[in-house]
Each structure stands twice: as structure tokens, then as C-alpha cells.
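1. structural data only, the sequence is not supplied:
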């Protein structure tokens, strides 16, 4: 038995960090338009499905984020999945705000900026946004999508770095 | 340029599924007590951090889930991260409800059932629960945690199966 048995000796932020050092997440990039029609976007490790009937997606965002004012109810948003060949987009949209868009993006549905080289792109409309402390959970209705027919190896975030997927250990029977 | 360029030909549930076939997620198990003090639990692929100040965690749950009535505001909940050696717990807590607990669990803080063999265990208290269509987003305050000192390779869910982590491709600079 591990020495940690019954010793819950971490609290607060330290507890959160210790647990999430052991947890991996998928990584995606999210784009939209600001009030002047300029592209905005960021890298997100919190994208999840929130049920398929109706099809809903959620992700988290800090209320202090520069993108926050433009991801309100009704906003059209593009969510891009990533792989090893689009890792640079995860890095770029997590970096300096002025360098996130270099003209390599296209105009997608509703004029939303899209990076066509990504394995899959989902277009959604923000349905609700729940504010919690200094962050928020954004819930989107799924409007449409495009995806490569053969899924690729997804990009994964773990221990402050980007990873590929490992060995398949078991099917979900 | 991929043939998918600008052709957003998928809609609704089909669109959701096509995109999430390309997206990986971390996998965790969540446990609590029912109103009679019996252990309940389920496997979750939607666990994310929702900010560190205050430390918050979110996950999604179907309102029709048998666990739903016991994951309301104020409930004490244990969130366990998983690795290859605890894969069987992901499978068991995704399976038949009557076979999810076999006595191998311990009583953790607040009497919540915990599986000490997991790499990290976080104890939280449900702060808010946002209902959206037939699902809900649960937000927990982080109370305490225990974790192995050296993080292990996390368990990842992708394409209806459990995977290990792959090659580290880049640091998040």
C-alpha cells in the first residue's frame, strides 16, 4: 500500500496542483471574432463534450482573459482539435496576443477564423456561460463541423508539456 | 490543403462525434456516498481544473445518472486520477452499478470511499451545479488531497479505449 494511504496532507492550491500533475487533458484551440471583427483565440485544455442530445460542448475560460468579452451568449466560436503537425498552433495561441494570428487562418462559417490544417473543426454558438469565482464555464451548442475521415493521433497536455498518445491498453467494452 | 477545407458538412450529433473522435481526454473516477451512506461512483472523462485561486475542479454528469441525486451542493466527493495499474477501476466504475464496489475501497475523509492505489486523490465539496439540457456541470471546491510524489503516466481516453501517454513533443515555454 502506498505511503499516501489516508494521509490527505495537501490543501488548497497545493492539493489542486499535486492532483493535476497526475492528470492529462486533450488540447484544442478556440477562435472567434472581437467586436470589430478581428480574430481572437486561445489554447484550451478544458474542452469536453456535455452530452449528445442536444449536442453540447463546454470549456473553461478566465474572466480576466482578453477573449472573455467576446465569448458571451450567442457568440459564434470555432473549436479546433490538434495533433503533432498542428502543435505550433497550440503554442502560438498560448503565446503573445499580438502574434496569435499571422494571416494563415481562413474565414469559416459566420466569418469565424479557422485553421484548416487542424484535424477537426467544430463551429458552435455559446448557449450559456456560468461564472464561478474569477473563471467561467462556457457551454456551446454544436452547429456544424468538418473532420478528416481518418482520425489522427491527438495532442495531449501533461506536466506543462505537449505529448502524443501512447499505447492502447484496453477497449471500453 | 485538406479536402475538408471550408466544407462544414457535418451537423448536430454527427458533428459532435466526428470532432471528439479526434480529441483525447484524461480519465478519472469519482466517488461519494448516497443518502444511506453507501458508496457510489462513476468514471469521468470531463475532469478539468477551473482555476487555482480559489482552487476549483469541474466535471460533467448526466442528470439521469444514478449518482446524480448525491452529487448536489455540499456533497463531499473524491476524485481519483488513474494510470495503467488502476485501469481496472476505470472499467469497473463504468460498468454494472452493483459491481462497482467490492470492499477494496477505504473510508477517506468524511467517510467518502477512496481507492488508495490511485496515483492521486482529491477531496472536494460541491460548490455549484449548473444544469444544461439533460446534463450538468459540477463545480467543486478543493478541500484536500494526497498524491504520489513522483507523478506516473496518466490514463487517457481516446476512441472508445484507454491509452497510455505518448512521447513528449514540446515543453510549454
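-> Yes, it's here. Predicted model, so just to flag it, every value in this text is computed and none were measured.
2. check what pLDDT the most centrally placed residue in chain A gets.
-> Nearest to the geometric centre of chain A sits residue A:44, at 3.0 Å (C-alpha atoms, centre = their mean). If you check residue A:44, the pLDDT there is 97.
3. ok, so what distance separates it from chain B?
-> 9 Å (C-beta to the nearest C-beta, to the nearest Å). Just so you know, the C-beta spots here come from the backbone N, C-alpha and C atoms, and that holds for glycine as well.
4. and the helix or strand that contains residue A:56, what does it pack onto?
-> Using DSSP states H and E, residue A:56 sits in strand A:55-62. Secondary-structure packing of strand A:55-62 (3 or more C-beta pairs under 8 Å, 6 or more residues apart in numbering or on different chains; DSSP states H and E): strand A:39-44, strand A:48-52, strand A:120-132, strand A:135-147, helix B:12-20, strand B:48-52.
5. in CSV: these, plus distance to residue A:102.
-> Output for these, formatted as CSV (distance: least, C-beta to C-beta, whole Å):
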stretch, distance to residue A:102
strand A:39-44, 10
strand A:48-52, 29
strand A:120-132, 18
strand A:135-147, 22
helix B:12-20, 24
strand B:48-52, 29
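6. nearest to residue A:94, of these?
-> strand A:39-44 (4.0 Å; C-beta to C-beta).
7. neighbouring strands of the closest one in the sheet, and parallel or not?
-> Strand A:39-44 sits in its sheet next to strand A:28-33 (antiparallel), going by DSSP bridges.
8. beta partners of the residue lying closest to residue A:18 once chain neighbours are set aside?
-> Nearest non-adjacent residue to residue A:18, counting by C-beta to C-beta, 6 or more residues apart in numbering or on different chains: residue B:147, 4.0 Å away. On the basis of DSSP bridges, residue B:147 is bridged to residue B:120.
9. count the residues that sit near residue A:130.
-> Residue A:130 has 19 neighbours, counted by other C-beta atoms under 10 Å in any protein chain shown.
10. sorry, wrong one. I was asking about residue A:144.
-> By other C-beta under 10 Å, 18 other residues sit near residue A:144.
11. next: residue A:49.
-> With other C-beta under 10 Å as criterion, residue A:49 counts 20.
12. I figured residue A:71 hits residue A:129, correct?
-> Yes: counting by C-beta atoms under 8 Å, residue A:129 is a contact partner of residue A:71 at 7.3 Å.
13. mind listing the shared neighbours of the two?
-> residue A:138 (C-beta atoms under 8 Å, 6 or more residues apart in numbering or on different chains).
14. relative to residue B:60, which of the helices and strands packed on strand A:55-62 is closest?
-> strand A:48-52 (5.3 Å).
15. how much does the strand holding residue A:56 deviate in direction from strand B:48-52?
-> Relative orientation of strand A:55-62 versus strand B:48-52 (axes from the mean of the first three to the mean of the last three C-alpha atoms, to 10 degrees): 20 degrees.
16. how about residue A:32, what does it touch?
-> By C-beta under 8 Å, 6+ apart, the neighbours of residue A:32 are A:39-41, A:67, A:70-71, A:75-78, A:112-113.
17. what's the angle between the helix or strand hosting residue A:170 and strand B:161-171?
-> Using DSSP H and E, residue A:170 falls within strand A:161-171. Interaxial angle of strand A:161-171 relative to strand B:161-171 (the same axes, to 10 degrees): 170 degrees.
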